[in-house]
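1. sharing a model prediction with you, sequence too.
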Amino acid sequence: MTIYRAWDDPMKDQAAAHVLRAFEVSKADGLSDVDCYRAGVEAWRRAHPDQTAAYAARQAVAVILEVKTSLRIEEV
């Protein structure tokens, strides 16, 4: 689990909605998972051109994973 400080929580950034929209549109277009994540990263970078590519990728992927994944714990 990633812990973010309040000022760098990617879910609270205005770019989060753009990241998710780009990811969803790419999925609907039938693109590969890699290309869908790439579209999300590109959306983040358009919103934050001053950030490094690595930082932008971490933030965008964190947004996508936060919304698109869930943790399932099965009882044994």
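-> Now that the structure is in, tell me what you want to look at. Residues are numbered from 1 along each chain as shown.

2. phi and psi next, for the nearest residue to Ala60 once chain neighbours are set aside.
-> In this structure, Ala60 finds its nearest non-sequential neighbour in Trp44, 3.9 Å apart by C-beta to C-beta, 6 or more residues apart in numbering. No exception for glycine: its C-beta is placed from N, CA and C like everyone else's. Dihedral pair for Trp44: phi -60, psi -40, per degrees, to the nearest 10.

3. from memory Trp44 sits against Gln59, does it?
-> Yes: taking C-beta atoms under 8 Å as the definition, Trp44 is a contact partner of Gln59 at 5.7 Å.

4. touching both of these two, which residues are there?
-> Ala15, Gln51 (C-beta atoms under 8 Å, 6 or more residues apart in numbering).

5. re the thing from before, neighbours of the residue nearest to Ala60, just the number please.
-> Trp44 is flanked by 27 other residues according to other C-beta atoms under 10 Å.

6. show me what counts as buried in stretch 33-42.
-> Cys36, Tyr37, Arg38, Ala39, Gly40, Val41, Glu42 (16 or more other C-beta atoms under 10 Å).

7. quick check: the farthest pair among these?
-> Cys36 and Glu42 (10.9 Å; C-beta to C-beta).

8. tell me which other helices or strands the helix or strand hosting His18 touches.
-> Taking DSSP states H and E as the criterion, His18 maps to helix 15-28. The elements that helix 15-28 packs onto, with contact taken as 3 or more C-beta pairs under 8 Å, 6 or more residues apart in numbering; DSSP states H and E, are helix 33-47, helix 53-68.

9. make TSV out of the ones you listed and add mean pLDDT.
-> TSV is the format used below for the helices and strands packed on helix 15-28 (pLDDT from 0 to 100):
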stretch	mean pLDDT
helix 33-47	97
helix 53-68	95
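
10. save those as CSV, and put in distance to Asp9 too.
-> Formatted as CSV, the helices and strands packed on helix 15-28 follow (distance: least, C-beta to C-beta, whole Å):
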stretch, distance to Asp9
helix 33-47, 14
helix 53-68, 9
